[in-house]
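Engineer: Kindly generate the corresponding structure for this input.
(one chain, ligands or ions: 1)
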Amino acid sequence: MKTVLITGAARGIGKGCAIAFARKGYNVAINYNNSQKEAEILKSDILSNGLSAEIFKADVSREEEAKRLTYDVVSRFGKIDVLINNAGKALYKPFDEVTDLQWQNLCACDLSSVIYCTKYAVKDMLPHRFGRIINISSMWGERGASCEAHYSAVKAGVIGFTKALSKEYAPCGITVNCITPGVIDTDMLNIFSAQEKAELISRTPCARLGTPYDVAAAALFFADAGSDFITGQVLGVDGGFI
Ligand code: NAP
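Structural biologist: Below you'll find the model as predicted:
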């Protein structure tokens, strides 16, 4: 039985991935930081369907916690086959109003977390000569968004990291790919008014908001054993926005 570790899995896109991977028969390691109650409910929902899950608290923006997280998951499930680096936060603010502390926090949460979790998960993947690392970036990491320059910068960093690391680990049976979601209906959109959301939908050719399951479908594709010749790729799940 394969194991997937999903960071920030109690809510939003991470939760959608947790449910989708559980349904495919994975042991699902649900990482959370603040949303303990949501994580517990998700775990019990998965278990009540006869599927496998466990919850793990860690602030993945801190290296020691990311290290402990991967250790705890391997202790519980024996190995990590798939890592989905999903945890992240948004920062929607005019460029010159962003403080250095906000920038440092964003960078730690959305980029350093990806590097830390990958660093310790690959230690477990290398001896097995199998691994799937799937990074959740954003379409803004490719295109850039007004009032999201810092967010766009860290998400572009995730794409660069994906491409570089894919070359390094391809000979070891570990693929590294990236998903760039468009506008997905999660709590992250709470910063937008109803009118702004309608505007975003009108700019999306598929004429709707994406769902966490739309993103999960792409993650399942990259995780599949049959995808082992696909690495260093950036797959947009944006309803045609870009
Ligand atoms: P969300 O509903 O706000 O969920 C964010 C998740 O990240 C939560 O589960 C949260 O966990 C977790 N998280 C944040 N900081 C963390 C930390 N330091 N340690 C551990 N977990 C942490 O957002 P979402 O829309 O699902 O976003 C998921 C990913 O997709 C993010 O990387 C985001 O940038 C990306 N994305 C989203 C959209 C969109 O339109 N929604 C578009 C493009 C990209 P806790 O609640 O437990 O703290």
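Engineer: who's in contact with the residue nearest the centre of the chain?
Structural biologist: When C-alpha atoms, centre = their mean is applied to the chain, the residue found nearest the centroid is Asn86 (1.7 Å). Asn86 is in contact with Ile6, Thr7, Gly8, Ala9, Ile13, Gly14, Cys17, Ile136, counting by C-beta atoms under 8 Å, 6 or more residues apart in numbering. All C-beta spots, glycine's among them, are computed from the backbone N, C-alpha and C.
Engineer: List just the nearest of those residues to Ala194.
Structural biologist: Comparing these against Ala194 with C-beta to C-beta places Ile13 closest, at 21.3 Å.
Engineer: Tell me the spacing between the residue nearest to Ile46 when sequence neighbours are not counted and the ligand.
Structural biologist: Excluding the flanking residues, the one nearest Ile46 by C-beta to C-beta, 6 or more residues apart in numbering is Ala53, at 4.0 Å. Per C-beta to the nearest ligand atom, to the nearest Å, Ala53 is found 15 Å from the ligand.
Engineer: Isn't Ala53 up against Ile41?
Structural biologist: No. Using C-beta atoms under 8 Å, Ala53 is not in contact with Ile41, being 11.1 Å away.
Engineer: Which of these two has more residues huddled nearby?
Structural biologist: Comparing Ala53 with Ile41 by other C-beta atoms under 10 Å, the one with more neighbours is Ala53, at 23 against 14.
Engineer: any idea which helix or strand carries that one?
Structural biologist: Per DSSP states H and E, Ala53 falls inside strand 52-57.
Engineer: What are the boundaries of the strands in this structure?
Structural biologist: Ranges of strands within the chain are 3-6, 27-32, 52-57, 82-85, 131-136, 174-181, 234-237, based on DSSP state E.
Engineer: What strands flank the third one, and is each parallel or antiparallel?
Structural biologist: Using DSSP bridges, the strands paired with strand 52-57 are strand 27-32 (parallel).
Engineer: Let me see the contact set for the residue nearest to Gly144 when sequence neighbours are not counted.
Structural biologist: The shortest distance from Gly144 to any non-neighbouring residue, by C-beta to C-beta, 6+ apart, is to Ser152 (4.6 Å). Residues near Ser152 by C-beta under 8 Å, 6+ apart: Ser138, Trp140, Gly141, Arg143, Gly144, Ala145.
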